[in-house]
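Participant: just coords:
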């Protein structure tokens, strides 16, 4: 995920060096997401009538999906690779196909992604812990 994160930061902040860093990291990074992403792309292309949803709606749907929401376990070395992609890949593909980013909506989807990341990170606090 890190090459994608670096690349995204480079695009968001218009920083060619960070874009290059993301691409370079992708060239030498693990490839365990490849099969999943190719399956997701194939699923999306073969199901063109899939309604698109906002990320906040998808987060609610995922939370309500017992299999997917419980797929990552505390002891998993990597929650995505060893949890979600092992125990609920088809469910994840189903939700992934409902959120599409195109060249035309990149700015809007980036803002939506950032907003949701802030929302679920801030909401993940555990009472009565205090934020320092």
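Facilitator: Okay, I see it. Just so we're clear, the structure is a prediction, and the values are computed from it rather than from any experiment.

Participant: and residue 58, what element?
Facilitator: Per DSSP states H and E: residue 58 is located in helix 55-64.

Participant: now do residue 100
Facilitator: Applying DSSP H and E, one finds residue 100 in no helix or strand.

Participant: That one: neighbour count?
Facilitator: 11 (other Cβ atoms under 10 Å). Yep, even glycine has a C-beta here, placed from its N, CA and C like the rest.

Participant: next one: the one 3 residues further on
Facilitator: Burial measure for residue 103: 6 neighbouring residues, criterion other Cβ under 10 Å.

Participant: Can we start the residue count at 639 from this point?
Facilitator: Got it, first residue is 639 now, which makes that one residue 741.

Participant: secondary structure class for it?
Facilitator: Here residue 741 is coil, with the state taken from DSSP: H, G, I helix; E, B strand; the rest coil.

Participant: Could you point out the helix or strand that follows the helix holding residue 696?
Facilitator: Helix 693-702 is succeeded, C-terminally, by helix 704-707 (DSSP H and E).

Participant: Okay, domains of the chain per the record?
Facilitator: Annotated domains of the chain cover 639-668, 670-740 [automatic domain parsing].

Participant: Of all the helix elements in the protein, which one is longest?
Facilitator: In the chain, taking DSSP state H as the definition, the longest helix is helix 744-760.

Participant: What are the buried residues along that one?
Facilitator: 747, 750 (16 or more other Cβ atoms under 10 Å).

Participant: Show me the contact partners of that helix.
Facilitator: 646, 649-650, 692-694, 697, 737, 739 (Cβ atoms under 8 Å, 6 or more residues apart in numbering).

Participant: Try it again at 7 Å.
Facilitator: With Cβ atoms under 7 Å, 6 or more residues apart in numbering as the test, helix 744-760 has contacts from 650, 692-694, 697, 739.

Participant: residues touching the residue nearest to the spatial centre of the chain, list them.
Facilitator: The C-alpha lying nearest the average C-alpha coordinate of the chain belongs to residue 734 (Cα atoms, centre = their mean; 7.9 Å). Residue 734 is in contact with residue 678, counting by Cβ under 7 Å, 6+ apart.
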